[in-house]
Every structure is written in C-alpha cells, then in structure tokens.
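Participant: my questions are about this predicted structure, shown below with the sequence.
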Amino acid sequence: MRMSYLNNLNSEQKKAVLHTSGPILIIAGAGAGKTKTITHRIVNLIKSGVNPENILAVTFTNKAASEMRERVNHILQNDPDLKIPIEFLERPTIKTFHSLGVMLLKENFNLVNLPKNFTILDKSDSKKIIKDILILQGIDPKVHDPAKIVGIISKQKSKMISPVEYSDTIHKNEYSKSIISEAWIQYEKHLSKIGGLDFDDLLIHSTNLLIKNSEIREKYQNRFKYIHIDEYQDTNDVQYEMTKILAEKHQNICVVGDADQNIYSWRGASIKNIMNFEKDYQNVTQIILEENYRSTQNILTAANQIISKNKIRKEKKLFTKNNEGEKIFLYKALDEYDEANFVVSKAKELINSGTNPEQICVLYRANFQSRVLEEVCLKYNLPHQIVGTKFFDRKEIKDVIAYIKSAINEKDFTNLNRIINTPARGIGKATILKIQTNQEHTLTPAVTKKIKDFRNLLQEIKNSTEKNKPSEIISMIFTKAGFEKELSQDGETGQERIQNIKELVSLAKKYDIFEPKIAIEKFLEDVSLASDQDELEKNNAGIKLMTVHASKGLEFEHVFVTGLEAGLFPMERENEKEEDSEEERRLFYVAITRAKKRLYLSWANFRTIFGNKNINISSEFLDDIDSKIIETENYFGEQNGEGGQKIEYLIDF
C-alpha cells in the first residue's frame, strides 16, 4: 500500500499518525499542524481497516469541526489506494463537545425525560429567564446582575455541581449566594417545564446518561473505539468525565493540546486534565510537535521567551524553517486615541501596500478597549468587524427562530412568550398572563380569535417542518407572521433587519439538501451552538477586532496586540494567585502566536478607565522579550530600529 498521504508530514507528526493503539498524548505547539496530524491519523485508521463509524473526533468550535471533516474527506477523495469509493464509506463522527451531547440526548431522549425536539437555550435566553425569576422574587436585577448569576451557575455546572450541592455550601450570612441558589433552583424548574436545556446541560445530561445507564455506556464505548480530543487543555470536569467514560473500554484515546494555551479557567477549563493524562491512562505514548509552520522566527523567539517563565507546563520550544522575519514593532502611545490612530494608520498602510484586510487583526485584553478602536476606524473609513456580536443574537433573527422552536416544542413557553405578540398582533401582557394561568375563558371574542389565529400559524409552521425545506419555512414565517409588513414600515433600520432575515434564508439553504425533519433539526442545532468564530464565515469584510480569548485557533498575517500596560495586560486581580498570573502569560503567548508575518505591540501612557484617566507603566511582558528583536517608536515619532537601548521619554505634568 502506498503511503503518499504521509509524505508531507514531519517525523513527529508521522509518529503520531502511525500510532494506532493505546493512549497517546500529542503536545502540539501553536501553529505546529495539530489539525493536519489529527486528520491524517483518522485517515490512517480508515486505511488500516478501522470502520469509520468506530472513529470519534471532538473539538470545541463548529469551525474547527467543519475544517476537520473537510480535510478528512479531501484526503480520502484524492487517495488512489482507497479500494472503496468514499461515497460508499461511513463517515467518522466529528463534532463539538456540545453537538456530541445533543446527539447522545436525541438518540436517547426517552431515557432522560426530554422531548425529542428539546429547546437549546443560549446565554441570552438564560439571562432573560434568570431576570424574570429575580423580578418575581422581588429582587432588583440591576443589583444582582442576571449575567453574573448565569456565569456562576455555568461554572458550577462545569464542575458537575448540582443546585442542591451548591445550596449545601452556603453559610447563613451569605445573602448573595442564597439569591443565586434560589434563582438556580427556579431556573431548573423552568427548564424542565419548557423541555429546554442550556449549553452546560447538554454536557451534564449526556454524561450522566453514560454514568447511570450501563447498557447505553457500553453501546457508545463499542461504537467509538478510537477517540480523538482536540484542545484537550480546554476541557472542563464534565468534558473530562465524558471523554474518560467513552475511552474506558478500549483505551484508544488520542488527546491533542498545549498546556501553554490553557486560557479558559474562568469558564471551568482545567489545566490538570492535560498535565495528568499520563496518570489517568497506562502506557501513554507522548509526542511533542514543536515545528511551527505559521510564524517567523522572531515571533516564535518572543513567544518562547514569554512562556518559558511559567512553571505549570510541559516543556517545549517552538522553532520554524521560515525566515527570521521583521522585528516586532512596539509603539508607545500617549493615550488610547493615539494608540488607535497608530493601529488604523498602520492597517491602512498595509492595505495600501497590498495586504488583504481580512489578514489584519487587532487584539485587546478587555472588551471596553474596542470602543475607541472602532471609533477611530469609523472616523477614517477603515472597514472592520468586531468579532463577538453574533448574527444569531440579533433580535429579528432570534424572533424568526423562536417561531420554529415554539412550533415544534409545544412546552417551550419562553420562545412562545417572545413571539406571541411579535410582530404586534394585539395580544398584550394581561392576555399572556391569562393564557399562562388557564383563564382564557375570560377573554373577549376578538382576543380569542387573535390567539386562535396565532396557534393556527404555529401549527402551519409545524406542518411545514415535516415536508418543506428550512429556507422555505423561514421565508414563510417572514411573510405570514407579519415581519415583512412591519419591518418595511420601519425605515432604514427595518430594511437592515429585512436584509438580516434574508441572510438567514440564504444560510438555511445549505440545509435544504437533507430530508425535511432532519434538515430543520440540524439547522436549529447549528444555530443554537454557533460560536463567535462562526461569525467570521458570514461577514469577512475588513480588519478584525477581537479579544485575545476570541482569537484562539485563528491566525492572521499581521496582528496588533494593544493595551500592554501593567494592570490591564496582565490584568490585575484581587487576591491574585500564581495560577492567575500564569494564565495571563499564556494569554499573551496565544496573542503573539496568532501572527504569521509581523507582530505589532502597543501600550498607552494614559488610558481612561471607568471615567478616570490613569497613568500607566508598560506591561512586564514587554521586559521579557529580547530588545534585539524589537523595533520601537513612540508618539513623538522617535524610533529605535537598531535593537539596542529602547528609547525612554518623560511626560511633563
């Protein structure tokens, strides 16, 4: 058998690909070709005779899962030695953790007391429910922030802690915790009532199903004999448990990750999962991928110097066969506006010299920094996109999708309440309350007719999901529910919302190839699990502005890392622990390694935060990079490109 698909792998990648049995830990540095390694490993298993349906690969974003599927299919389609045409092959299961959870629950919905078409709530849905619960309890949601409560509940769920267990940890004088505990209990009751699950529940319920039901557990252990977990350093306790259960019988588990890129502890990710892998499994093979294919050597030198100061890590040192590249550009700004002007002017220079705007990315540690950057982009007409405002979070999009969810899940009162008078059809809050409290018999004939018409519309939509394509269903809702009529009368804003709904129709067309019932399920699942990075696929015009956290897994030719000031990056915390400090350093390492050609760093002497103008000193991170690979310029226009002493300057007060 020819092994042509192995020809473009380096020696360590090849070892990882040819390893077929037993646990394997692949430490993959940034830009070291981890996706290529996983996909080639899956292909090698298939070509070695493993049934594709026995292969599972799990990652964290739809974008990564989609890329993995496409790469596997591409290699197989172009393989001259494949005896069975790819169209006749089963496909390996390649999913995100959450979509894997959805699959397990839908295949066994009758065992977990859920409707088959259960509703998946996003963060905004959860916040709305918590807010309503607080108001009903007489608690001011402005004092006790629903978003913060949702975040606390999510973190507890990621540790597999139940509402009862959380309640047991509360002392008598912990008033805020008591409010969270009671809100959480009511929240779970509400989810049960509407047949809904939030993102964390998708993992908890599916993992508990595997734990509690030996027959189901064995079924999936036998189905998934070869398991691959991408970005293993980002797994939380639930994901760790799910993975361990699935791999328990056959032990053919391949985890790929990098402790140096563990940056999500605030949402439950545990670095101990990758650090302790060799304790969890016996006879582990470890392979380290250090050759970087993305960046210049100067960028990697800076990255190595930054991360080497961390103690909680697995030793490695990135290198590349790429050229040395340009020096890292450091700009010392007067204030945040001067910094933004520097970024925008440099970006314009790059674009004018032929750089594709989509290959320019501006990173920041905190979301508030985006305001000034966007303001200056607008001022100088620089096309840009702020990553983080999801298309599916727009009101009109959520409204249209709520019609479909309400139609197929009659218990989903949350979405029903959202759309019963959207667009306006004369059904007020008092009427909605009477419906919820079984007092419909007290309504006037006119109002009763409106409710009947609304229910008939939902029934029509439900019937349509059983025989029509998703794009046709959305088009029908757009006209029959009254969106077209209402929005066309709302001037420019209405026209923009109409265009967004039309974009939703276009997006839905890619699901039209499936059978109607399957198509609408897949569409709703992908919509519910969409991440910020998926937005890049829909709107790729202009430079990108995003937090460092949002940039994980992405790469750009030119990267600006802004706000490198002590207290901002690294971010200052109360009662800071060593692990917090190390995570900040890992975050900067991730930021640096997004850059392919050139890296631009900047900090401001003055920055206004919470209305106060602060005087800053530069981040300690900048002192860790060898000055020989840095070219410095400050707001006076002074430059130092020789790699010697950095230019220092004083501000007169």
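Facilitator: Structure's in. What do you need?
Participant: what comes into contact with the helix or strand harbouring Lys244?
Facilitator: Under the criterion of DSSP states H and E, Lys244 resides in helix 237-247. Helix 237-247 is contacted from outside by 23, 56, 58, 97, 100-101, 157-160, 200, 203-204, 206-207, 210-211, 217, 220-221, 224, 227, 229, 235, 253, 255, 268, 270, 273, 280-281, using CB atoms under 8 Å, 6 or more residues apart in numbering. Where you see a C-beta, it was placed from the backbone N, CA and C, and this is true even at glycine.
Participant: residues of that helix that come out buried?
Facilitator: Using 16 or more other CB atoms under 10 Å as the test for burial, helix 237-247 gives Asp237, Val238, Gln239, Tyr240, Glu241, Met242, Thr243, Ile245, Leu246, Ala247.
Participant: give me the number of residues near Lys317?
Facilitator: When neighbours are counted by other CB atoms under 10 Å, Lys317 registers 13.
Participant: neighbouring strands for the strand ranked longest in the chain, and are they parallel or not?
Facilitator: Counting by DSSP state E, the longest strand found in the chain is strand 595-604. Sheet pairing of strand 595-604 (DSSP bridges) gives strand 328-333 (parallel), strand 556-561 (parallel).
Participant: mind putting these into JSON lines with mean neighbour count?
Facilitator: Below are these laid out as JSON lines (neighbours: other CB atoms under 10 Å):
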{"stretch": "strand 328-333", "mean neighbour count": "23"}
{"stretch": "strand 556-561", "mean neighbour count": "24"}
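Participant: let's have these in JSON lines, adding distance to Glu620.
Facilitator: What follows is these, written out as JSON lines (distance: least, CB to CB, whole Å):
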{"stretch": "strand 328-333", "distance to Glu620": "14"}
{"stretch": "strand 556-561", "distance to Glu620": "14"}
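Participant: among these, which comes closest to Ala481?
Facilitator: Evaluated over those, closeness to Ala481 peaks at strand 556-561, with 40.5 Å, by CB to CB.
Participant: give the other helices and strands that the next helix or strand after that closest one contacts.
Facilitator: Remark: after strand 556-561, the chain's next helix or strand is helix 578-592, criterion DSSP H and E. Applying 3 or more CB pairs under 8 Å, 6 or more residues apart in numbering; DSSP states H and E, one finds that helix 578-592 contacts helix 297-307, strand 556-561.
Participant: same thing but 10 Å
Facilitator: Under the contact definition 3 or more CB pairs under 10 Å, 6 or more residues apart in numbering; DSSP states H and E, helix 578-592 sits against helix 297-307, strand 360-364, strand 556-561, strand 595-604, helix 620-623.
Participant: and it, what's buried?
Facilitator: Residues of helix 578-592 classed as buried: Asp580, Glu582, Glu583, Glu584, Arg585, Arg586, Leu587, Phe588, Tyr589, Val590, Ala591, Ile592 (neighbour count, 16+ other CB under 10 Å).
Participant: which ones are touching the residue lying closest to the first one once chain neighbours are set aside?
Facilitator: Distances taken as CB to CB, 6 or more residues apart in numbering place Arg573 nearest to Asp580, at 5.5 Å, with adjacent residues excluded. For Arg573, the contact set (CB atoms under 10 Å, 6 or more residues apart in numbering) comprises Gly567, Asp580, Ser581, Glu584.
Participant: quick one: which of the buried residues of helix 578-592 is nearest Thr37?
Facilitator: Nearest to Thr37 out of these is Val590 (CB to CB; 19.4 Å).
Participant: wait, the closest one touches Gly553, no?
Facilitator: Yes. Using CB atoms under 10 Å, Val590 and Gly553 qualify as a contacting pair, with a distance of 9.3 Å.
Participant: overlap in contacts of these two?
Facilitator: Ala30, Gln261.
Participant: give me phi/psi at the nearest residue to Thr301 once chain neighbours are set aside?
Facilitator: In this structure, Thr301 finds its nearest non-sequential neighbour in Ile629, 5.9 Å apart by CB to CB, 6+ apart. Recorded main-chain torsions at Ile629 are phi -110, psi 10, according to degrees, to the nearest 10.
Participant: so for Ile629, what's the pLDDT?
Facilitator: pLDDT recorded at Ile629 is 96.
Participant: and for Glu537?
Facilitator: 51.
Participant: same check on Leu89?
Facilitator: 69.
Participant: sheet-wise, list the partners of the helix or strand encompassing Lys95 with their directions.
Facilitator: Using DSSP H and E, Lys95 falls within strand 93-96. With DSSP bridges as the test, strand 93-96 is paired with strand 55-59 (parallel).
Participant: report the separation between the residue lying farthest from the centre of the chain and Arg455.
Facilitator: Most distant residue from the mean C-alpha position of the chain: Pro445, 48.1 Å away (CA atoms, centre = their mean). Per CB to CB, to the nearest Å, Pro445 is found 16 Å from Arg455.
Participant: and stretch 281-290, what's buried?
Facilitator: Neighbour-count burial for stretch 281-290 flags Tyr281, Val284, Ile287, Ile288, Leu289, Glu290 (criterion: 16+ other CB under 10 Å).
Participant: swap in stretch 35-55?
Facilitator: Neighbour count says stretch 35-55 has 35-47, 50, 52, 54-55 buried, by 16+ other CB under 10 Å.
Participant: returning to what we had before: min pLDDT across the contacts of Arg573, which one?
Facilitator: Per-residue pLDDT puts Asp580 lowest of these, at 85.
Participant: please, where are all the strands along the stretch 1-150 of the chain?
Facilitator: Assigned strands in the stretch 1-150 of the chain, in chain order: 24-28, 55-59, 93-96, 119-121 (criterion: DSSP state E, counting those that start in this stretch).
Participant: now render the buried residues of helix 578-592 as TSV, adding distance to Asn110.
Facilitator: Output for the buried residues of helix 578-592, formatted as TSV (distance: CB to CB, whole Å):
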residue	distance to Asn110
Asp580	45
Glu582	46
Glu583	42
Glu584	47
Arg585	48
Arg586	43
Leu587	44
Phe588	49
Tyr589	47
Val590	43
Ala591	47
Ile592	50
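Participant: closest to Ser602 out of the residues you listed?
Facilitator: Ala591 (12.1 Å).
Participant: quick one: contacts for the closest one?
Facilitator: Listed by CB under 10 Å, 6+ apart, the contact set of Ala591 reads 263, 303, 306, 361, 363-365, 547-549, 551-552, 559-562, 564, 569, 599, 601, 621.
Participant: got a pLDDT number for it?
Facilitator: 97.
Participant: distance of it from Phe621?
Facilitator: Ala591 is 10 Å from Phe621, by CB to CB.
Participant: so what's in contact with the two at the same time?
Facilitator: Ile306, Val561, Leu564, Phe569, Leu601.
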